[in-house]
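A.B. asks: sequence plus predicted model, see below.
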Amino acid sequence: MTCLPRGGWSRTRVRNGWPGAVRLAMTLRLLAVGLRLLGVGPSLLVLGLTVLVSAPAGRSAEILRVGMLDGSPPCSELRGPGRWQGTAVDLWQFVATREGLAYTLEAFPSAASLLEASRQGEVDLGVGCLTITPERVGTYRFSLPFQESGVALLMGTNRLASLRAVLDGLLDARLLGLLAGYLLAIAALSAVVWRTEGGYPPGSTMPVEAAGPWPSRDWWRRYALVFQVLATGPGTNTIVATTRGQGLVVLSYLLRIVFGSLIVSTITLDVLRMAPMSDGLPDSLDDLAGRRVAARPGSVSEKLLTTPPLKGRVTVVPLPKLSDAPPLLLNQQVDAVLADEQQLRYVREQAPGRQRSRLQLVLDGQRPESQAFVYSPQLPKATAEGIDRAISEAKRNGQVP
């Protein structure tokens, strides 16, 4: 049966099967007719059959039953009727082509069901990014590992909390102290400039109210103008006329540079750094206690959530497919999604732009472990070794991410 278009496989496709058998039968029939015409005995016919049958000994005549893990992009996913896609699917396609393996495909909804089907001999081979954990070693028969990956958390961003953190940071004592120091320095410098230049405009008198000791409103207005010019910069040529006044303007320029740098560094290093801390983001997996966390049934992530120290402290929400993660988070049905890091990155990248901006990856690269295919105990050793050699060649050629 011919291959499907690039990017998809049939669930029950068989490669290198019946077409070769038909050719072999036709060859044997022609050989038998020729031998009769030549009067050759049956012993030579038997010898010819032996040679023809043993010729393709390097190819597998058995049809392998291959189980595919569904719902785990970018490793393996059924994207439509008979259309499998993913890095693990591409790797298996390379292996099957190189080894000349005939096979059928069957979808499995979870890693646990696929592993168990391989152990029971219901499938000869399980394809997917299956993690080799210490608990699985000895129970299941794995292929040569083709990649390593850890788990991570996908969580939603809390914009109100981030805004509140920034506002709280703007009220930080160090920032307020810098602002107060700058304003006081400019106020004092404004008084010196006023005294040096004899008021504003330079050389004018200071009008004072006759009935009291305080300056008039006009004085305050003019003084505020000098303060504004020294604090912001533009217009300094209008408030000074003497050489000493020009020196004071240069001093105000230096003050703006120094205090501006200190204020910006304080906001950048202290204030903005407080925003993610106020979102309640976990610093470790232990901080998931008391939260609703989604994980795929039978996965390594579910195992982490249902064993000490998190056992009984986390509400585990079943996640049928990783593509369901963004809606669950954005609708606040769960607090976090725990899964393979590569798969979560893929899911976030595939989300629409507005949704992607509201999702963040947290605690990436936790507990990295090797990933591989899984073999049935009944799979012939020669077939397994051939698959392992093909995986090793794919890794050497850079065909495995």
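C.D. replies: Happy to help now that I have it. Everything numeric in this text was worked out from a predicted model, so none of it was measured. Numbers count the residues shown, from 1 in each chain.

A.B. asks: now do the buried residues in stretch 249-268.
C.D. replies: 249, 252, 255, 256, 259, 262, 266, 267 (16 or more other Cβ atoms under 10 Å). For the C-beta atoms, the positions are set from N, CA and C on the backbone; glycine is no exception.

A.B. asks: including distance to residue 176 and pLDDT, could these go into a markdown table?
C.D. replies: What follows is the buried residues of stretch 249-268, written out as a markdown table (distance: Cβ to Cβ, whole Å; pLDDT from 0 to 100):
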| residue | distance to residue 176 | pLDDT |
| --- | --- | --- |
| 249 | 27 | 87 |
| 252 | 21 | 88 |
| 255 | 18 | 89 |
| 256 | 18 | 88 |
| 259 | 13 | 89 |
| 262 | 12 | 88 |
| 266 | 10 | 79 |
| 267 | 12 | 74 |
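
A.B. asks: dump those into TSV; add distance to residue 370 as well.
C.D. replies: Below are the buried residues of stretch 249-268 laid out as TSV (distance: Cβ to Cβ, whole Å):
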residue	distance to residue 370
249	68
252	64
255	60
256	58
259	55
262	50
266	46
267	44
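
A.B. asks: now do the domain split for this structure, please.
C.D. replies: 18-149+370-396, 163-278, 284-369 (automatic domain parsing).

A.B. asks: for the helix or strand harbouring residue 264, name the packing helices and strands.
C.D. replies: Using DSSP states H and E, residue 264 sits in helix 243-266. Here helix 243-266 touches helix 173-197, helix 217-232, going by 3 or more Cβ pairs under 8 Å, 6 or more residues apart in numbering; DSSP states H and E.

A.B. asks: can you count the residues close to residue 304?
C.D. replies: As a burial measure, residue 304 scores 20 neighbours (other Cβ atoms under 10 Å).

A.B. asks: what residue ranges in the stretch 251-400 of the chain score low on pLDDT?
C.D. replies: 269-280 (pLDDT under 70).

A.B. asks: mind listing the strands for it?
C.D. replies: Secondary structure of the stretch 251-400 of the chain (DSSP state E, counting those that start in this stretch): strands located at 292-295, 315-318, 336-340, 359-375.

A.B. asks: for the third one, list the C-alpha coordinates in CSV.
C.D. replies: Translated: strand 336-340. Extracted in CSV, the C-alpha atoms of strand 336-340 (Å, rounded to 0.1, in the frame of the first residue of the first chain):
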residue,chain,number,x,y,z
ALA,A,336,-1.7,25.4,36.9
VAL,A,337,-0.9,22.6,34.4
LEU,A,338,2.0,20.2,35.1
ALA,A,339,3.4,18.5,32.0
ASP,A,340,6.5,17.9,29.9
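
A.B. asks: chain center to it: distance?
C.D. replies: Centre-to-centre, strand 336-340 and its host chain are 10 Å apart (Cα atoms, centre = their mean, to the nearest Å).

A.B. asks: cool, and the last one?
C.D. replies: With Cα atoms, centre = their mean as the basis, strand 359-375 stands 10 Å off its chain's centre.

A.B. asks: buried stuff in that strand?
C.D. replies: Those buried within strand 359-375 under the rule 16+ other Cβ under 10 Å are 359, 360, 362, 363, 366, 369, 371, 372, 373, 374, 375.

A.B. asks: ok, stretch 120-139 next?
C.D. replies: Quick answer for stretch 120-139 (16+ other Cβ under 10 Å): 122, 123, 124, 125, 126, 127, 128, 129, 130, 131, 132, 136.

A.B. asks: next one: stretch 312-324
C.D. replies: Counting neighbours by 16+ other Cβ under 10 Å, stretch 312-324 gives 314, 316, 317, 319, 322, 324 as buried.

A.B. asks: endpoints of it, how far apart?
C.D. replies: End-to-end distance of stretch 312-324: 24 Å, with Cα to Cα, to the nearest Å as the criterion.

A.B. asks: same check on stretch 81-95?
C.D. replies: 23 Å.

A.B. asks: could I get the buried residue list for that stretch?
C.D. replies: Buried residues in stretch 81-95 (16+ other Cβ under 10 Å): 83-95.

A.B. asks: turn the helices and strands packed on helix 243-266 into JSON lines, columns for distance to residue 107, mean neighbour count and mean pLDDT.
C.D. replies: Shown next, in JSON lines, are the helices and strands packed on helix 243-266 (distance: least, Cβ to Cβ, whole Å; neighbours: other Cβ atoms under 10 Å; pLDDT from 0 to 100):
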{"stretch": "helix 173-197", "distance to residue 107": "57", "mean neighbour count": "15", "mean pLDDT": "87"}
{"stretch": "helix 217-232", "distance to residue 107": "68", "mean neighbour count": "16", "mean pLDDT": "85"}
